[in-house]
Structure formats: C-alpha cells, structure tokens
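Undergrad: how would this look folded up:
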Amino acid sequence: MNWNVPNILTVLRIALIPVFVGIFYLPKAAFDSFGFPSHWANTMAASIFAIAAFTDWLDGYWARKYNQSSNFGAFLDPVADKLMVAAALIVLVEFERIGAVIALIIIGREIAISALREWMAGTGERSSVAVAQMGKIKTAAQMLAILLLLYYDSFSLGALGSFNTKLVGQVLIIFAAFLTLLSMAYYLKAAWPTLKKTIN
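TA: Numbering: from 1, shown residues only. I've put the predicted structure just below:
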C-alpha cells in the first residue's frame, strides 16, 4: 500500500466509523461522570461523522491536486464511503430516527450500483456508469440528512427561532432516497445496451 495523504485519510475515515457508532452505546454514566449532558452523545457522533465526511472530500481533492491517485485508493475510497453511510443508517434505524425501508433503499442501491460498475469495468464500459450530477446531489442530500439525524437536537437561531434538525433531516433523507431510486434507474438505463448484449 502507498501511504500517501489520500490513502491515510481514507483509512482514517474507516477508523472513525466504530467511534461515532460506539458513542451511542456508551452508558449514560460515561457522559454524566464528565459533566456532559446526555445530548452530547448526539453532538459528538455528529461531529465525528462530519469530520469523516470532510476527509472524503479532502482525500479526493488532495489526490487530484497533487497527483497522488493510486489503484489502492481507487478501491478503498468508495468502500470507506459505503461503510460509513451504511453504519450511520443502521444506527439511525436502531434508534428509530429513520424507517428501515429508507435504509434498505439507500444501502441496497449502493450495493447494486457498485456491483454494476465492477461488472461494467470488466467489459471495458465503466465510463457508461460514471458518477452523474444526480448522484452527486443525492450524496450531498444524504450526507447532510445523516448529519442532522445524528445530531437530532434543535438549536436556537436567535430571533429567527429554532432549527428543527429532526424534521429537516427526515425530509432530506426521504428526498435522498427518492434520488437514490432515480439515479439507480439512470445508471441501469445507461448500462442497458451492454447488459442487453450480454443477455442475448
């Protein structure tokens, strides 16, 4: 493995997954003993998820800017992203912040499209299912929704009132699930000519 900055950031992102998940399973006494209010579990988990999400952007930017792309990084980066999202969604389902159907749609789509891309790469047609703008919008909405639902506490905006992270997060995750299905249909349509040749 080439231990360049992008790969180190990707490994760090994977290492942060059990940290933000584990925070929710710490006994309440662990927070009380340090004088932290109980909602600190949400705050800490959301903060760690935000750091992990930032490393996702940073490793890609660094790899492009300093020409530090590698085969290992190309393999590990999407794996890290999917592990991070899947872990967060499972936690949100367990704590009843989203429905299981939403999680199944998003996780199922990630598995299906990853498999499709690998298969298309084997046929030399991977560019046909390259990441589209719709997929980027879906990812942005999904990551913001997860962040808000991990935080799950309203906060004051002063004279503007309070920001309801629960409501906004739930609306965004539904929107992300809709775009998930839409983008999956888009990628399947793009891959259909190659799939059709194989079937025939």
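Undergrad: switch to C-alpha atoms for all contacts and neighbour counts from now on
TA: Noted.
Undergrad: touching, residue 55 and residue 7? I think so.
TA: No: assessed by CA atoms under 8 Å, residue 55 is found out of contact with residue 7, at 10.3 Å.
Undergrad: more neighbours, the two?
TA: Neighbours per residue, other CA atoms under 10 Å: of residue 55 and residue 7, the larger number sits with residue 7, 23 against 20.
Undergrad: and that one, that's in a strand?
TA: No: under DSSP: H, G, I helix; E, B strand; the rest coil, residue 7 sits outside any strand and is assigned helix.
Undergrad: how far does stretch 77-87 sit from its chain's centre?
TA: Computed by CA atoms, centre = their mean, to the nearest Å, the separation of stretch 77-87 from the middle of its chain amounts to 6 Å.
Undergrad: what comes up buried for that stretch?
TA: Using 16 or more other CA atoms under 10 Å as the test for burial, stretch 77-87 gives 77, 80-82, 84-86.
Undergrad: and those as a markdown table, adding distance to residue 154, pLDDT and secondary structure?
TA: As requested, these are exported to a markdown table (distance: CA to CA, whole Å; pLDDT from 0 to 100; DSSP: H, G, I helix; E, B strand; the rest coil):
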| residue | distance to residue 154 | pLDDT | secondary structure |
| --- | --- | --- | --- |
| 77 | 32 | 87 | helix |
| 80 | 29 | 90 | helix |
| 81 | 27 | 90 | helix |
| 82 | 28 | 91 | helix |
| 84 | 24 | 93 | helix |
| 85 | 23 | 94 | helix |
| 86 | 24 | 95 | helix |
